[in-house]
Every structure is written in C-alpha cells, then in structure tokens.
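Task: produce atomic coordinates for the following.
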Amino acid sequence: MSVLGLGIETSCDETAIAIVRDGREILSQPLFSQIDLHNLYGGVIPELASRSHYDKIPFLLKHAFSEAGISPQNLDYIAVTVKPGLTGSLLVGYQTALAVHDITGKPLIPVHHLEAHILAVYLSGDLPDFPFLGVLISGGNSAIYRVDDIGSISLIGNTMDDAAGEALDKAASLLNLPYPGGPQIEKLARSFLSQKDNTSTENPLPIPLRDLPRSEVRFSFSGLKTALLYLLEKQKDAYSREHLAWAFQERVIESIDRNIKHAVDISSIRRVVVSGGVSANGMLREKLEQNAAKVGYTLFIPPKQFSTDNAAMVAAAGYLYFAAKKFPVQNYVSSDNAFNFSLYRN
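Okay, the predicted model is just below:
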C-alpha cells in the first residue's frame, strides 16, 4: 500500500510544498522563489523572507492538494523543516505543518534541513547503503558527515568561516554580478574556459588551507574572498572578470574535492553523497565525477532540481523516518545545525 507524505520547506528564501508518494513519486511540488525580492539587497533579508512565506504558503498548500488530487485526510505523515534556518521563516512552515497535523491527526515528522539535503538522493532512487559520507555544500554550510543510519549522523569536518555558497555570493558581489552569485560565477567561468587554452590558464588566487594534513577535513573560504578583494584593488585591469570568476570558482572546487579525498581516507568509506545548493554547479559535478573514479569512491549527487532548497527532499526524509518507524521529537524551531533530535519508535 502506498504512503502519501506532505513536505514543507521554509528555512530560508524558498516557500516550497510537496506531496510525494512512497518518498519518491512527486505528485505536486509548487514553489515560490524569493530571489527577485532579495536581489534588490544583494542577499536574504530575514524579515522580508518570513513575511513572504506567510503570504504565499496558504495558496501553495491549496494548489498542492488540488494538483495531487487528494485531501489532507489522505496523508500518512507531514514532514516539515524545523532546523537550521531563519527562525521567522521556519516558524511559518512549522505552524502550517502543525495546523495540518491538528486537522488530520497524522504524524508530524520534524526534519533537519541538512539531513534532508543528504537524503534527497532517495528521490532518484540512489540512496547508498549505510554507512556513507554526506557532503553538504550550500550557502550556509560546508561540512562532511558520516551517515550511519537515518537519524544517526556525525560531523567529520566543517568550515572555519564562510560556507562555499556564501563565498561564491560574496565573490559575485565583488565582481558586480547579481544575486545569487553561484550561477553567475559559473557562467563567466565557462565563458573564460571557452576562450582560453586550459594548459596555459593561470590562477592568481591562493589555495585555501594548502598544507592541510590528509588526516584533517576543514574548509575555509574567507581568505580566498579577501585575496580576490585585494587583487581587484591592486591589479584591477590585470585580469578580466571572466578570468577572476573562473579562478575563484576553481579554488572552491579544489577545496571541496580535496576535503572529500581526505574524508574518504580518514573514514575508509567509499560511498559519497554530495548535496546542497552548490552541488548544482555543473563544473563541480564534472570535476567530482572525474576524480571519484581516480580516488576510488562511488559518487551520488541528487538531480539539480533537488540540489537547491525544495520540499520534495523534506517529504523524502520524512518517508524514510516513517518507513523505519522512527519519529524525531522537536516541538520548536531552531537556527542551530546540531543533529540532536531525540527519537522514539512507534
């Protein structure tokens, strides 16, 4: 018998609803993006984000049930992101999920946003056997986790300062590119490579944590951002904007690739899931796919449509908890990243 789940995602600047059958078949996934709203300010404004969620979520919820051809009573569970994220935005999604729960009496499954990103590979049927490594690269996170089971996740290495996506957005701002910066950086980087002989390409930016021992996993991008700023100030006309976009992105990709190699060495785990918004970067995907075979690990990456924030991944995570009869307990929202849900079995 099929299982129907509702996913709700409002952790940042995407208002997203999804109705999913058996954790994989998407019946409806309406989404409202706030990019145009926040583009005016070069980044997400928390108060504007929460107000937009509040305005849009009733209509998206109604549309989702209509498109899926079901009523709330047909649901088997409700999954909602409760952490981490912007507190006001999270509250809108959580209160909506709580209302559906109160009306239907169906189980409410709180979902950790980062775990949902990792488990998004289930939407394409590619969830690897446990244990595996979960690499989170997004606007707010650059970290590598050991995933031993649903709800059993431990940190291997984190960022010391900026996250990869945040660094790309800041670099784009320095280069006078619109928000969000990642796609704009990649576009210019591809343009640069189409004009240059790769064998003679010079990268004027330093390698972050160049001498990091293979026994450590750490990200750091703030120094790279500062190096770009100084280069623009002192050698403004020495390099084209396309060249600098490529150079910055290349250093970010190198750092991600190097840390994955270190994590594989440390853990001896050779199944790697790479997810989060930055994993939508096509040049990063190409690099990791090439190097996975060389290093000797199996790479899993969600389809691009599930790499950025979406509600289908929340519904998929909820399904895996529901199927395992594991129900996280958290009746509040939080901005912290810790995987500290208590679990009970039904």
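
Endpoint to endpoint, stretch 187-206 covers what distance?
For stretch 187-206, the first and last residues are 22 Å from each other (C-alpha to C-alpha, to the nearest Å).

so where's the stretch 101-250 of the chain uncertain?
Screening the stretch 101-250 of the chain residue by residue with the criterion pLDDT under 70, one finds the ranges 196-200.

repeat that with 90
Where the stretch 101-250 of the chain drops to pLDDT under 90, the residues are 124-127, 139-141, 178-180, 195-202, 210-212, 214, 234-238.

At which residues are the strands of it located?
Assignment of strands within the stretch 101-250 of the chain using DSSP state E, counting those that start in this stretch yields the ranges 108-112, 132-137, 142-149, 152-159, 218-219.

Report the angle between the second one and strand 142-149.
By that I understand strand 132-137. Interaxial angle, strand 132-137 versus strand 142-149 (axes from the mean of the first three to the mean of the last three C-alpha atoms, to 10 degrees): 150 degrees.

Mind giving me the packing neighbours of strand 132-137?
The criterion is 3 or more C-beta pairs under 8 Å, 6 or more residues apart in numbering; DSSP states H and E, and the helices and strands that strand 132-137 contacts are helix 113-119, strand 142-149, helix 241-267, strand 271-275. C-beta coordinates here come from the backbone N, C-alpha and C atoms, glycine included.

would a markdown table of those with mean neighbour count and distance to I156 be doable?
What follows is the helices and strands packed on strand 132-137, written out as a markdown table (neighbours: other C-beta atoms under 10 Å; distance: least, C-beta to C-beta, whole Å):
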| stretch | mean neighbour count | distance to I156 |
| --- | --- | --- |
| helix 113-119 | 26 | 13 |
| strand 142-149 | 21 | 5 |
| helix 241-267 | 21 | 5 |
| strand 271-275 | 24 | 11 |
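
among those, which is nearest M283?
helix 241-267 (6.6 Å; C-beta to C-beta).

residue contacts, the residue most central in space within the chain?
The centre of the chain sits closest to G276, judged by C-alpha atoms, centre = their mean, with a distance of 2.1 Å. When contacts are counted by C-beta atoms under 8 Å, 6 or more residues apart in numbering, G276 touches 117, 135-138, 141, 165, 307.

For the closest residue in space to it that isn't next to it in sequence, grab phi and psi.
Across the structure, with C-beta to C-beta, 6 or more residues apart in numbering as the measure, the residue nearest G276 apart from its sequence neighbours is S138 (3.4 Å). S138 adopts backbone torsions of phi -150, psi -170, taken as degrees, to the nearest 10.
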